[in-house]
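Asker: I need the structure of the sequence given here:
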Amino acid sequence: MQAPRKTELPPAVPDKRYFTIGEVGQLCGVKPHVLRYWEQEFEQLNPVKRRGNRRYYQRQDVLLVRQLCELLYERGYTIAGARQWLQGEQAQSDDQKYRQLLRQMIGELEDILDDLKKG
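Answerer: Next up, the predicted model:
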């Protein structure tokens, strides 16, 4: 019987605001040139650029890179397939955010209406 594959968990993302391209590469197990290529292919991956075109990734960028690694390397998606998957996820996420915002606004308007009826 074959032993189960031991999957190594990636290192925890440190609690800091910005990460260099080298740090992101180490955290996600990819080389910097791959990250630069992915920036061209995935519009969601858009690090802040400062002096001398130095890239600074934020925490959500690191999480996105990890998601891309899973899609491309573990699930076997193509670049186009991963792009399409991310756009679908983004649309679902946006839809959920808008629904939550609308529920919150309706609740606030109902509170205002109750206050007006009392006054």
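Asker: assign residue 101 to helix, strand or coil.
Answerer: Under DSSP: H, G, I helix; E, B strand; the rest coil, the three-state class of residue 101 is helix.
Asker: state the distance from residue 19 to residue 27.
Answerer: According to Cβ to Cβ, to the nearest Å, residue 19 stands 7 Å off from residue 27. From N, CA and C alone the C-beta is placed, and that goes for glycine too.
Asker: overlap of the contact sets of these two?
Answerer: Here residue 19 and residue 27 have residue 62 as joint contacts, going by Cβ atoms under 8 Å, 6 or more residues apart in numbering.
Asker: more crowded one of these two?
Answerer: Between residue 19 and residue 27, counting by other Cβ atoms under 10 Å, residue 19 is the more crowded of the two (23 against 19).
Asker: that one: what's it in contact with?
Answerer: Each residue near residue 19 by Cβ under 8 Å, 6+ apart is listed here: 27, 56, 57, 58, 59, 61, 62.
Asker: repeat that with 6 Å
Answerer: Taking Cβ atoms under 6 Å, 6 or more residues apart in numbering as the criterion, residue 19 is in contact with residue 57.
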